[in-house]
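*Asks:* Structure of the sequence below:
(2 chains)
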Amino acid sequence: MNRNQIKALLHADHPQTQVLIKGWVRTRRNSKDFSFIEINDGSCLGNMQVIAGADLFNHDQIDRLTTGSAVSVTGSLVASQGKEQQWEIQAHRIDVISMAPESFPLQKKRHSDEYLRSIAHLRPRTNKYGAVFRIRSDLSYAIHTFFQQRGFKYVHTPIITGSDCEGAGEMFRVTTLDLNAVPRTGGHVDYSLDFFAKEANLTVSGQLSAEMLALSLGNVYTFGPTFRAEDSNTRRHAAEFWMVEPEMAFCGLEQNMDLAEEMIRYLVLYAIENCAEDLELFARFVDKTLPAALQNIVDEKFVRLPYCEAVDILSKSGNHFEFAPETGQDLQTEHERFLTEVHFKKPVIVYNYPKTIKPFYMRLNDDDLTVAAMDVLVPGIGEIIGGSQREERLEVLERRMDEQGLNKENYWWYLDSRRYGSVEHSGFGLGFERLIMLITGISNIRDVTPFPRTPKNIEF
RNA sequence: UCCCCAGUAGCUCAGUCGGCAGAGCAAGUGGCUGUUAACCACUGGGUCCGCGGUUCGAGUCCGUGCUGGGGAGCCA
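*Replies:* Next up, the predicted model:
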């Protein structure tokens, strides 16, 4: 007999004489002649209440079942006499697969997020983290659905890259050299003896590769891990995270913003419609304003605000900022928060940033001062998407690389795409964990990642 | 990397002016009960983060290190 998922049984529309569930004991309450055992198998938030009578051959053992133990239960699915649940299982047989000793760290009470991070291997067995990781799965699926429905091709860009600079922060070195005996020539490390015979790093973005595929397949997207070796210690940064990066040929900034907005709205709506039970938990225990915040994203059109107007609004706001807003300077976190949380109270797309604060590949505007960049800012999280129209004009691109002190030879293949059939194209990167934070209301990226990697933290 | 805060029982925390180490929950034992984070009673449980210092005496004051959290920068 195959095991039934508890999710399916809880949604049953009629009693069943013979069912089999397997899962972990969340709690046990002994009664005079029987025990109530609540079992969770991870298929959904809800537990299945099992009635274990004294007639079970091993009822002595069942009476002592501990939280965290694994069991297999066969019995009949019957309407519950209790008020808190519709169905329960009258057990015919309960096999203890594995009894958890009293040292099991998860108790039948609320634990702090900090404590649960220290037992990251067990926290998926809690209601909250089980819900987070189910939503991660559902939203991953939704991302593929969104793009596939629109004719985008899913492409796989390299994890290990030879580009020695992509302008997106510190990188993790990849090497097979013996770090205790690094070969040197003239005082410098001799990478010709390394695995790839040149320096290699973990990718900080699939964008440059994705552009090549967009300029052949049309519309593409990547969805994969990304690595940043920044010593960032904040609740919204991780050294390893997942990023969604669409890239579209024959596409300008306007359409790029259209897609970003449509995608976020689609994903939030998908969660509302498909993850209702789990979302309800976050609305109850994590953030009471969550349902309204999500509905706001679905209903309200995103504000589109040129960078210079953003600075203007901030300057004239009368609000005191630690750093005064100033044209030519990047927006501070406090500025972004003011725009999304105080001034507009909805997502804001800021675009046309000064060229001096943005990377070489963003398309130079006709004013020669700004580039066709856009950041999607959302309340509570800040920047969730960063993107741009890409510079497709070879001579402009080369000039920008010179200005930023980049070695063009390292980008010969990237520049080739501007030599042969170059076209207008655009794309952006969505931080997947930040999306999950937005949708669950969870405020720390370490709590939406099963095994988070942050500075000085790689225990699990 | 910088600024701020915290570290006391398995967990969450209190600990007054420097003077005997505490509570709730959890665990163990017993009782009660179609229960709902079940309930009631009893019992056990401490490297007060580490090191150094001040003091008759330090969980408490000082120095330092480590760990965790919040904020900033970097960014998705």
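
*Asks:* Please, where are all the helices along the stretch 151-300 of chain A?
*Replies:* A:207-217, A:253-274, A:276-285, A:290-299 (DSSP state H, counting those that start in this stretch).

*Asks:* Flag every residue of the stretch 51-200 of chain A that's near RNA strand B.
*Replies:* For the stretch 51-200 of chain A, the residues in contact with RNA strand B (Cβ under 7 Å from any atom of the strand) are A:51, A:66-67, A:80-85, A:88, A:90, A:102, A:105, A:107-112, A:114-115, A:117, A:168-169. All C-beta spots, glycine's among them, are computed from the backbone N, C-alpha and C.

*Asks:* contacting residues around residue A:437?
*Replies:* A:236, A:380-381, A:443-445, A:448 (Cβ atoms under 8 Å, 6 or more residues apart in numbering).

*Asks:* which among those residues gets closest to RNA strand B?
*Replies:* Nearest to RNA strand B, judged by Cβ to the nearest atom of the strand, of the contacts of residue A:437 is residue A:444 at 4.2 Å.

*Asks:* Report pLDDT for that closest one.
*Replies:* On pLDDT, residue A:444 comes in at 94.

*Asks:* what does residue A:108 give?
*Replies:* 83.

*Asks:* Now the residue nearest to it when sequence neighbours are not counted: which helix or strand?
*Replies:* Counting by Cβ to Cβ, 6 or more residues apart in numbering, residue A:108 lies nearest to residue A:27, which is 5.1 Å off, once chain neighbours are set aside. Using DSSP states H and E, residue A:27 sits within strand A:16-30.

*Asks:* I'd like to know which elements that strand is packed against.
*Replies:* helix A:6-10, strand A:34-40, strand A:48-53, strand A:70-79, strand A:87-98 (3 or more Cβ pairs under 8 Å, 6 or more residues apart in numbering; DSSP states H and E).

*Asks:* and the longest one, how far from the chain's centre?
*Replies:* From the chain centre to the centre of strand A:87-98 is a distance of 36 Å (Cα atoms, centre = their mean, to the nearest Å).

*Asks:* name the helices or strands packed onto it?
*Replies:* Counting by 3+ Cβ pairs under 8 Å, 6+ apart, strand A:87-98 packs on helix A:6-10, strand A:16-30, strand A:48-53, helix A:59-63, strand A:70-79.

*Asks:* Which SSE is immediately downstream of it?
*Replies:* Next along from strand A:87-98, by DSSP H and E: helix A:113-118.

*Asks:* Could you list the buried residues of that following helix?
*Replies:* A:116-117 (16 or more other Cβ atoms under 10 Å).

*Asks:* Show me what the mean pLDDT comes to for it.
*Replies:* 91.

*Asks:* Stretch A:308-320 now?
*Replies:* 92.

*Asks:* what comes up buried for that stretch?
*Replies:* Buried-residue list, stretch A:308-320, by 16+ other Cβ under 10 Å: A:308, A:310-311, A:313-314.

*Asks:* Which of those residues sits closest to RNA strand B?
*Replies:* Taking Cβ to the nearest atom of the strand as the measure, RNA strand B lies nearest residue A:314 of the buried residues of stretch A:308-320, at 12.7 Å.

*Asks:* just checking, next helix/strand downstream of the host helix or strand of that closest one?
*Replies:* Using DSSP H and E, residue A:314 falls within helix A:307-316. Later in the chain than helix A:307-316, the nearest helix or strand by DSSP H and E is helix A:333-337.

*Asks:* Can you name the element that comes right after that next one?
*Replies:* strand A:348-354.

*Asks:* okay, the contacts of residue A:437 in CSV with neighbour count next?
*Replies:* Converted to CSV, the contacts of residue A:437 look like this (neighbours: other Cβ atoms under 10 Å):
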residue, neighbour count
A:236, 20
A:380, 18
A:381, 22
A:443, 15
A:444, 16
A:445, 22
A:448, 25
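
*Asks:* just those that are near RNA strand B?
*Replies:* Restricting the contacts of residue A:437 to those near RNA strand B by Cβ under 7 Å from any atom of the strand leaves A:236, A:443-445.

*Asks:* how about residue A:116, what does it touch?
*Replies:* Residue A:116 sits next to A:123, A:126, A:129, A:447 when contact means Cβ under 8 Å, 6+ apart.

*Asks:* Over to residue A:340?
*Replies:* A:346-348, A:377-379, A:382 are the contacts of residue A:340 under Cβ under 8 Å, 6+ apart.

*Asks:* what separates it from residue A:438, distance-wise?
*Replies:* Residue A:340 is 11 Å from residue A:438, where distance means Cβ to Cβ, to the nearest Å.

*Asks:* and what of residue A:174?
*Replies:* Applying Cβ to Cβ to residue A:174 and residue A:438 gives a distance of 32 Å.

*Asks:* Tell me where the stretch 351-460 of chain A has helices.
*Replies:* Going by DSSP H, counting those that start in this stretch, the stretch 351-460 of chain A shows helices at A:394-403, A:412-419, A:432-440.

*Asks:* quick one: low-confidence parts of chain A?
*Replies:* Within chain A, the stretches with pLDDT under 70 are A:163-169.

*Asks:* In terms of residue numbering, what are the domains of it?
*Replies:* Following automatic domain parsing, one gets these domains for chain A: A:6-98, A:125-169+A:204-447.

*Asks:* Please spell out the PyMOL selection for the buried subset of the residues of the stretch 51-200 of chain A next to RNA strand B.
*Replies:* Applying 16+ other Cβ under 10 Å to those, the buried members can be selected in PyMOL as follows:
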select buried, chain A and resi 51+67+88+90+117+168
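
*Asks:* who in the stretch 201-350 of chain A is up against RNA strand B?
*Replies:* With Cβ under 7 Å from any atom of the strand as the criterion, the stretch 201-350 of chain A comes near RNA strand B at residues A:205, A:228, A:230-239, A:241, A:243, A:323, A:330, A:332-334, A:337.

*Asks:* buried subset of the residues you listed?
*Replies:* A:205, A:228, A:236-239, A:241, A:243, A:337.
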